[in-house]
Structures are given as structure tokens and as C-alpha cells.
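1. pasting the sequence and the predicted model now:
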Amino acid sequence: MPDTEVDDEPDGVVLEVQRDRTPRLLPTSDAAAAYRLVYGRVDALLRGRAEIAEFAVPACPAWTVRQTVAHLAGVAHDIISLNLEAVGTDSWTQAQVDRLGGNNIDELLDLWGQTIDPVTARLGLGPKGSECQLVFDALTHEHDIRGALCKPYSRTGDLPFEVTMGFLTTTGDQIIRQTGLPALRLITPTIGSVQLGDPHTAQGHVTLSVSDFEALRAFGGRRSVRQLLALPWQGDPTNLLPVFSNNAIRPPNDDLVE
């Protein structure tokens, strides 16, 4: 939740002042709990609904709902089988869909569910932040599927959101510091004010205040460059576009309206 401090004004009025904080990855225990939450919500949304299996997923134009669930189940199976050499690449994800895409949705949910315990037991054994990246992928695809079915979930921050934004802001902070981009102050209701980059040394400063959901989708690769530039920026965001296109995310070519 946002960090705040209280200032007493001379006339006795008490003001709550929001402090900037640096990005941070949430603990592995939080990532494990968040991953279970996302699985449970997707299972409750899709189980027993064979009729929606071939619905197209606008956020993942090449996939249907069934293929998106095949990816989620495939990621979990690749983690426990240590099939991680090409992790995150298009060939890695397509192999999951090719391998499991012949199953129906309930079978895929069962396959995914069978991995939840072994996957969460392995969290924290991989590279730092990989457990939070797993939650980011699962939460992103949950919202992708919900968009395809016109069944949005609450769009305010929760534990999966906080774990995901911890990963995305930490990644963005590293990119900004390593490449000399302008510092970015990101503000949402749940995470408060998070400072990416060093405002004392950066060449330029930009601020963005948006809803939790818009931050998740913008930083998570679900907004086109046109949509990113149209956000309510204070300052010029043009030089910050590398934060929104890296090894973990890529903006779509076409606008996604949710």
C-alpha cells in the first residue's frame, strides 16, 4: 500500500503526504499465494464452459481461450520439468500450445492444477524475480481471457497486482538506470508513488498517474505505442518507450480497448 507521512500545519490542519519509494520485489511467499489466487480465479471462470474454448483472445490475437490456458498450463509444466533453456521466447510458448493445445479446457485446468504445489515449491530457486514474473504472466493472461469473454474482474489492486507491479517497476527501474532514460514517477491508488530511476542524476523527469488496471496493462505489454503516448503524462514520455518494450513485454501493433 502507499507509504504516507503526516504533516501538521500551523493552523492545526493535518495533511497526509505521500512519499515516493523505490521499486521492490515482493517475497516469494506472496508470489506463491498470488499464483494460487490467479489459478483459482481462472478455474472458477472457465471450468465446465466448453462452448467458449475457441473464442478468440483479442489481447493474444494468435490464440483462442483454450490455447491461452494451454500456455498457462505449459509454463507450469516447463518449470517443474526444468525446460527453461528458451524461457520467454515465442518458440518456447508456442511449443507449450502445440504440446497441450489438443486438450479441452477442463483437462487443461486439471493439468495446470496438478502443478500448483510443485511450482510454488520451486519458487525462489530460480533467478531473482522469476517467481514474480510467473505471477505477472498468469495475471496478464487472466485479464486477456476475461477480456475475450467480457467478464472483467475487479480492476483495483490486489495481491497478484502488487506482486506483478513489483516485478514490472523493478524491471523498468533497471532499464532506466542502465540506459540513462528520464526518471519516471509512477502513481496508482494501490502502489502509491514509486520512483523509477534516480531523479537526482537522470536527464529529465516524467510523472504518470493512472488507475491500477491501466498501469498493469500499460507496463504489461497490452497497450500500443499510440495508447502509451496518449496516457496522462506530465512531461515527454517519448524517450521512456524502451521501458514498455523489453525481453518481458512488447506493445501490440493495434490498440487494445478494455
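-> Great, that's in hand.

2. which parts of the stretch 101-250 of the chain are helices?
-> 105-122, 130-149, 159-179, 212-219, 225-229 (DSSP state H, counting those that start in this stretch).

3. among these, which is nearest Leu84?
-> helix 130-149 (9.1 Å; Cβ to Cβ). For every residue, glycine as well, the C-beta is placed using N, CA and C.

4. buried sites along that closest one?
-> Across helix 130-149, burial judged by 16 or more other Cβ atoms under 10 Å covers 130-148.

5. next one: stretch 249-258
-> Buried, per 16+ other Cβ under 10 Å, within stretch 249-258: Ile249, Pro251, Pro252, Leu256, Glu258.

6. closest to Val57 out of these?
-> Checking these one by one against Val57 (Cβ to Cβ), the nearest turns out to be Leu256, at 10.6 Å.

7. the closest one: what's it in contact with?
-> With contact set as Cβ atoms under 8 Å, 6 or more residues apart in numbering, Leu256 has these partners: Pro58, Ala59, Gly147, Arg217, Arg222, Arg223, Ser224, Gln227.

8. cool, Ala183 as well?
-> Ile176, Gln195, Leu196, Gly197, Asp198, Pro199, Ala202, Gly204, His205, Val206.

9. show me what counts as buried in the strand or helix carrying Gln96.
-> Assigned by DSSP states H and E, Gln96 belongs to helix 90-100. Residues of helix 90-100 classed as buried: Trp92, Thr93, Gln94, Ala95, Gln96, Val97, Leu100 (neighbour count, 16+ other Cβ under 10 Å).

10. from these, which is closest to Gly74?
-> Nearest member of the buried residues of helix 90-100 to Gly74, counting by Cβ to Cβ, is Gln96, at 2.5 Å.

11. isn't the closest one right next to Gly74, touching?
-> Yes. At 2.5 Å, Gln96 and Gly74 qualify as touching, with contact defined as Cβ atoms under 8 Å.

12. what number of residues lie near Pro182?
-> Using other Cβ atoms under 10 Å, Pro182 is surrounded by 20 other residues.

13. ok, it touching Leu241?
-> No. In this structure, Pro182 is not within contact of Leu241 by Cβ under 8 Å, at 11.0 Å.

14. which of the residues in stretch 165-182 are classified as buried?
-> 165-176, 181-182.

15. residues contacting Thr22?
-> Neighbours of Thr22 in contact, by Cβ under 8 Å, 6+ apart: Asp173, Val194, Gln195.

16. can we see that at 10 Å?
-> Residues in contact with Thr22, defined by Cβ atoms under 10 Å, 6 or more residues apart in numbering, are Thr169, Thr170, Asp173, Val194, Gln195, Leu196, Gly197, Asp198.

17. quick check, nearest of those to Leu82?
-> Nearest member of those to Leu82, counting by Cβ to Cβ, is Thr170, at 24.6 Å.
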